[in-house]
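# Sharing a sequence plus its predicted fold:
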There are 2 protein chains.
Amino acid sequence: MSSLSAVMSRLDNGFDHSLEHLFDLLRIPSISTDPAYRKDCAAAAKWLADDLKSIGFSARAVRTPGHPMVLAKHHKAKGAPTVLFYGHYDVQPVDPLSLWNHPPFEPRIVNAATGRQIAGRGTSDDKGQLMTFVEACRAWKAETGNLPLNVTILFEGEEESGSPSLVPFLKEYRKELQADIALVCDTGMWDRETPAISAALRGLLGMELTLHAANRDLHSGMYGSAARNPIQLLATILAGMRDAEGRVTLPGFYDGVPELPAAQLKQWKKLGFSGKEFLGEVGLKIPAGEKDRSVLEMIWARPTFEINGIYGGYTGEGFKTVIPAQASAKVSFRLVGRQDPKKIKQAFKKYVKSCLPADCSVSYHEEGDGSPGIQLDIERPAVRRAAQALKDEWGRETALTAMGGSIPIVGHFQNILGMQSMLTGFALDDDRIHSPNEKYQLESFRKGQRSWARIIGALAQ
Amino acid sequence: MSSLSAVMSRLDNGFDHSLEHLFDLLRIPSISTDPAYRKDCAAAAKWLADDLKSIGFSARAVRTPGHPMVLAKHHKAKGAPTVLFYGHYDVQPVDPLSLWNHPPFEPRIVNAATGRQIAGRGTSDDKGQLMTFVEACRAWKAETGNLPLNVTILFEGEEESGSPSLVPFLKEYRKELQADIALVCDTGMWDRETPAISAALRGLLGMELTLHAANRDLHSGMYGSAARNPIQLLATILAGMRDAEGRVTLPGFYDGVPELPAAQLKQWKKLGFSGKEFLGEVGLKIPAGEKDRSVLEMIWARPTFEINGIYGGYTGEGFKTVIPAQASAKVSFRLVGRQDPKKIKQAFKKYVKSCLPADCSVSYHEEGDGSPGIQLDIERPAVRRAAQALKDEWGRETALTAMGGSIPIVGHFQNILGMQSMLTGFALDDDRIHSPNEKYQLESFRKGQRSWARIIGALAQ
């Protein structure tokens, strides 16, 4: 039996145990955006460092001004390539809690029409995913006494909160993190049967704006019509960001947005993606984006402006006839091609300012500088080998896709470490990441482990 | 010494006691919009009924499906007119609590540049105001053994939450409530020195709308641009309600809005109102309403559309890249003249529907049917006598003003009881009603009691 076959058998035999092990990690409510869960983030980091040590990694939870980074190394494969594996142990907030079928941090197996699922916050994004790689390493080590590659692991704890500590950390540990390629496991399959490597990612720029009008809340009877209503003003500003054709109206917004090569559009067409089904699955029918673009272009290749949250005035039970002093919105841009997050941030602020009457003002809470879109070189041998390994496991040609979401780390690996990233993962579109009732298919966790075992073997050749 | 002089002396001598008594009522957190304070509303009603009994009224707290009505009668003045006095014992919510200088339900006297003030929720709106009348009755009764008028009192507990029980109650108790005129004490002075009787009121129509898009919250990376963002849609709908000239755009909205007679505009001009000062006091400079109207017209004689609250998506600490399933706004209209709240509600719903893509829907939480604007007959002898009584107390001609706020009870008294209302009160514009740090001038409470003692005497003639 080849080493790989033995590793695969070991994974299959140890699967139930690996699942229990994952549950331990899922039970830690490591919500990075909420300071109340700071200790839980530290606990998750320690749990991972300890687990990696048990495999034979030199591992530690490195302090940052925010949540710790888990940094681990297993470099005992002389002459073999070095890979840097990245995942994140922090998870999204869980509100609204009332919509969860089970408590989000009490993971369990549930039976669904589409197969057995691991239910709980972080199952798919990203604890379940990162543990597929850890389990593959554990099996290789247990079976062969070594890993066939030199492996560095970086687990972040602030991915869901704008990664404030990441850039300084990468700069400080640049040397320790050097590798031939980064493996990023925070993405999904093309569909239930088809593995995928993501070749492009949208960038992200997020910020919160608060409009200030009167110096206190006013009675809408006494002041209504005469006093500026900051919610009305905010609505007008936000409404003006999109035109009736679904385009973002900000001047210069589409500067640097490339037209896709015909070949790429053709390849995507072959994927058999149905915009109707994609939207239908979430109860929608009518694409909201630019009218002259397909749904797949909208989410993979076109930028967008989104309002992620809005609040102002009285929002409690009942009614209050108030004109509030202020109103706020959390907004974000998804960026592609050579769109410059800094220029777009400036253009947005300029636009907002242009909408303000002289007696109103705006303040911003900024979520970092944002990240531009990314395009990967899919012609590299490592990528071709990994694609073949995935095909061997799943029995289907690996799809070379793009991603609508942002994984800023990929840009940072490129800019700070000079390293390209290969993105693969086993999440599915219906995993409800960031939503109540997040899940990860049991099959994703099982075949994900096997896929990484194959990729580790393939990259070592 | 005349009866009136004796009554006035009694009020002056008993003022400190009346203040302590008011504090007892202010300590009861009777917030009607929030079910958590249901018992407190009942406690406030009982407190008032007991107090009126102690004066010699037959009084009771009458159950309703919501909060109780206090109904009291003192009809022992044969041949004298009958008045129906109205006030409300419920108060506005107190959020944001952090902006209060003192706990809102721990009333106290504070010294301000403009004189001594009673600080606390409900001091001005409306507990302090209604107690001015109760104290005047107490003094008349104690001094003369009777009241010179037949007095019916109605204290409502749902004025701040749309008065859901009011119309059925008025219909059921129509006979018991019959009177020659209603006295409504929920309004203010023209300025610190000038008493006022309000001759016109804006009506109010409020509702909450929730837009529904996807069947669950979505990741803005995965779905951004393709999936309809209900906050964006809500912003577009709300932005479309006002044009750049400050006009409400709803078709037919201005039907029934009268142009003011030149004589009335002239009288208002004499009041010496400064729009600049009015807005300046709350930190604003630029009137937000129709550009061809004065600030006084905007708040007294012109209708408006206001957004009183908005919420959707992630509004907590940090950032969440979500496209929410829904977004909501609490909106209201202030109405004048013959604007029909039912037609306007229909027009608004029609407009919202016209903005919805076929895969989105709207649901409403309605705050009753709304109330139209009201115009009172200021030529009635009772009104002239009351205006003279107020002038006698304050030493200034009583201003015959209009009000931007809505007191739906006035419409109901007119439509259900066939009774006109005279609105007078001693609140000031800077009383911060509905806001943190609500206050009532100590002088309002003192001279308010004396004013009512005079009006009671004047109406008995």
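All right, it came through fine.
# C-alpha only now, for contacts and for neighbours.
Fine.
# in the stretch 201-350 of chain A, which spans are strands?
A:203-212, A:218-219, A:304-313, A:322-323, A:326-335 (DSSP state E, counting those that start in this stretch).
# Other residues contacting the fourth one?
It stands for strand A:322-323. A:217-220, A:223-224, A:229-230, A:313-314, B:306-309, B:434 (C-alpha atoms under 8 Å, 6 or more residues apart in numbering or on different chains).
# and A:P195, what is it in contact with?
A:P195 sits next to A:G188, A:M189, A:L390, A:K391, A:W394, A:R396, A:E397, A:T398, A:A399, A:T424, A:G425, A:F426 when contact means C-alpha under 8 Å, 6+ apart.
# Just the buried subset of those, written out for ChimeraX, thanks.
Listed next is the ChimeraX selection for buried residues among these, using 16 or more other C-alpha atoms under 10 Å in any protein chain shown:
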select /A:188,189,390,391,394,398,399,424,425,426
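# what would the contacts of A:P195 look like in a markdown table with distance to B:P148, secondary structure and pLDDT?
Listed next are the contacts of A:P195 as a markdown table, based on distance: C-alpha to C-alpha, whole Å; DSSP: H, G, I helix; E, B strand; the rest coil; pLDDT from 0 to 100:
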| residue | distance to B:P148 | secondary structure | pLDDT |
| --- | --- | --- | --- |
| A:G188 | 83 | strand | 91 |
| A:M189 | 86 | coil | 94 |
| A:L390 | 96 | helix | 97 |
| A:K391 | 97 | helix | 96 |
| A:W394 | 95 | helix | 97 |
| A:R396 | 96 | coil | 91 |
| A:E397 | 97 | coil | 87 |
| A:T398 | 94 | coil | 89 |
| A:A399 | 92 | strand | 88 |
| A:T424 | 88 | strand | 95 |
| A:G425 | 86 | coil | 96 |
| A:F426 | 85 | coil | 97 |
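# which one of the contacts of A:P195 is nearest B:I378?
Nearest to B:I378 out of the contacts of A:P195 is A:G188 (C-alpha to C-alpha; 73.7 Å).
# wait, the closest one sits on A:D431?
No - A:G188 lies out of contact with A:D431 (C-alpha atoms under 8 Å); the separation is 9.6 Å.
# Quick check: A:E397 vs chain B, distance?
Separation of A:E397 from chain B (C-alpha to the nearest C-alpha, to the nearest Å): 22 Å.
# Spatially, what comes nearest to that residue if we skip its sequence neighbours?
Take A:E397 and drop its neighbours on the chain: the residue closest to it by C-alpha to C-alpha, 6 or more residues apart in numbering or on different chains is A:K391, 5.3 Å away.
# What of A:L97?
Leaving aside its chain neighbours, A:L97 sits nearest to A:P436 (7.2 Å; criterion: C-alpha to C-alpha, 6+ apart).
# Quick one: name the residues of the stretch 101-250 of chain A near chain B.
For the stretch 101-250 of chain A, the contact set with chain B under C-alpha under 8 Å from any C-alpha of the partner chain comprises A:160-162, A:202, A:213-229, A:231-236, A:238-240.
# buried subset of those?
When those are checked for burial by 16+ other C-alpha under 10 Å, the buried set is A:160-162, A:202, A:213-214, A:216-229, A:231-236, A:238-240.
# count of residues packed around A:Q346?
Close neighbours of A:Q346, defined as other C-alpha atoms under 10 Å in any protein chain shown, add up to 11.
# And the one 10 residues further on, by the same measure?
The local packing count at A:L356 equals 18, with neighbours defined by other C-alpha under 10 Å.
# And for the one 5 residues further on?
Per other C-alpha under 10 Å, the neighbour tally for A:S361 reads 16.
# Nearest spatial neighbour of it, chain-adjacent residues omitted?
Spatial nearest neighbour of A:S361, chain neighbours left out: A:H212 (5.2 Å); criterion: C-alpha to C-alpha, 6+ apart.
# Touching, that neighbour and A:Y364? I think so.
No - shown here, A:H212 and A:Y364 do not form a contact pair, counting by C-alpha under 8 Å, at 11.1 Å.
# got a pLDDT number for the residue in the stretch 151-300 of chain A that chain B sits nearest to?
When scored by C-alpha to the nearest C-alpha, the stretch 151-300 of chain A has A:G221 as its residue closest to chain B, at 3.4 Å. According to the prediction, A:G221 has pLDDT 88.
# State the distance from A:L19 to chain B.
Relative to chain B, A:L19 is positioned 26 Å away (C-alpha to the nearest C-alpha).
# pLDDT averaged over the strand or helix carrying that residue - what is it?
For A:L19, the element it lies in under DSSP states H and E is helix A:15-26. What helix A:15-26 shows for mean pLDDT is 98.
# now do stretch A:318-333
Mean predicted lDDT for stretch A:318-333 stands at 94.
# what about it, distance to the chain center?
Averaging C-alpha positions (C-alpha atoms, centre = their mean, to the nearest Å) puts stretch A:318-333 28 Å from its chain's average.
# for stretch A:384-394, same thing?
The answer for stretch A:384-394 is 23 Å, by C-alpha atoms, centre = their mean.
# got a list of contacts for it?
Here stretch A:384-394 makes contact (C-alpha under 8 Å, 6+ apart) with A:193-197, A:378, A:397-398, A:447, A:450-451, A:454-455, A:458-459.
# and among the strands of the stretch 201-350 of chain A, the most buried is which?
Burial of the strands of the stretch 201-350 of chain A is given as mean neighbour count (mean count of other C-alpha atoms under 10 Å in any protein chain shown); strand A:322-323 ranks first at a mean of 30.
# Up against chain B, what does the stretch 301-450 of chain A have?
Close to chain B, as judged by C-alpha under 8 Å from any C-alpha, the stretch 301-450 of chain A has residues A:303-315, A:317-324, A:330, A:332, A:334, A:357-360, A:367, A:403-406, A:432-435.
# show me where chain A has helices.
Assigned by DSSP state H, chain A shows helices spanning A:3-13, A:15-26, A:38-55, A:127-144, A:166-172, A:220-223, A:230-239, A:262-270, A:275-280, A:295-300, A:341-355, A:381-394, A:408-416, A:442-460.
# Which strands or helices does the longest one pack on?
If contacts are counted by 3 or more C-alpha pairs under 8 Å, 6 or more residues apart in numbering or on different chains; DSSP states H and E, helix A:442-460 sits against helix A:3-13, strand A:115-119, helix A:127-144, helix A:381-394.
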